[in-house]
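**Q** can you look at this prediction? I've put the sequence above it.
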Amino acid sequence: MKTCPRFAALRDEYEREIGFLTAHSKRHAGRPAAKSSAKHAASAKTRMARALSGHVGRCPECG
């Protein structure tokens with residue numbers, strides 16, 4: 001699938017956020033902050049999927 005630079009930038013931004021949240025969750029395992037970060041990472045994955053599929057649907061270069 002060929003994608004545009006905006007798609008790649010959007011994906012990279014979400015993957016960076018998910019990486020930060022996941023790393024924080026692992027560093028603070030067993031604490032409430034870890035559970036919160038894990039939940040935020042899961043919701044970020046859902047938001048990423050929604051944003052990328054919406055982008056593909058609207059972008060003439062990707063779609």
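**A** Yep, that arrived. Residues are numbered from 1 along each chain as shown.
**Q** what residues does stretch 39-47 touch?
**A** In this structure, residues lying in contact with stretch 39-47 by Cβ atoms under 8 Å, 6 or more residues apart in numbering are 14, 17-18, 21-22, 25. In this view, the C-beta of every residue, glycine as well, is placed from N, C-alpha and C.
**Q** can you flag which of those residues belong to helices?
**A** Taking DSSP state H, the ones among these that sit in helices are 14, 17-18, 21-22, 25.
**Q** out of those, which comes closest to Ala33?
**A** Ser25 (8.1 Å; Cβ to Cβ).
**Q** and the residue nearest the centre of the chain, what pLDDT?
**A** If you average the C-alpha coordinates of the chain and look for the closest C-alpha using Cα atoms, centre = their mean, you land on Tyr14, 3.2 Å from that point. The predicted local confidence for Tyr14 comes out at a pLDDT of 98.
**Q** what helix or strand does Lys45 sit in?
**A** Per DSSP states H and E, Lys45 falls inside helix 32-58.
**Q** and that helix, what's buried?
**A** Residues of helix 32-58 classed as buried under the neighbour-count rule (16 or more other Cβ atoms under 10 Å) are 37-38, 40-41, 44-45, 48, 52, 55.
**Q** how far is it from where the chain is centred?
**A** Per Cα atoms, centre = their mean, to the nearest Å, the displacement of helix 32-58 from the mean C-alpha position of its chain is 5 Å.
**Q** show the average pLDDT along it.
**A** Here the mean pLDDT over helix 32-58 is 96, rounded to a whole number.
**Q** farthest-separated two in the ones in helices among the contacts of stretch 39-47?
**A** Tyr14 and Ser25, at 16.3 Å, using Cβ to Cβ across the ones in helices among the contacts of stretch 39-47.
**Q** what sits up against stretch 7-24?
**A** The list of residues contacting stretch 7-24 from outside it, by Cβ under 8 Å, 6+ apart, reads 33-34, 37-38, 40-41, 44-45, 47-48, 51-52, 55-56, 59, 62.
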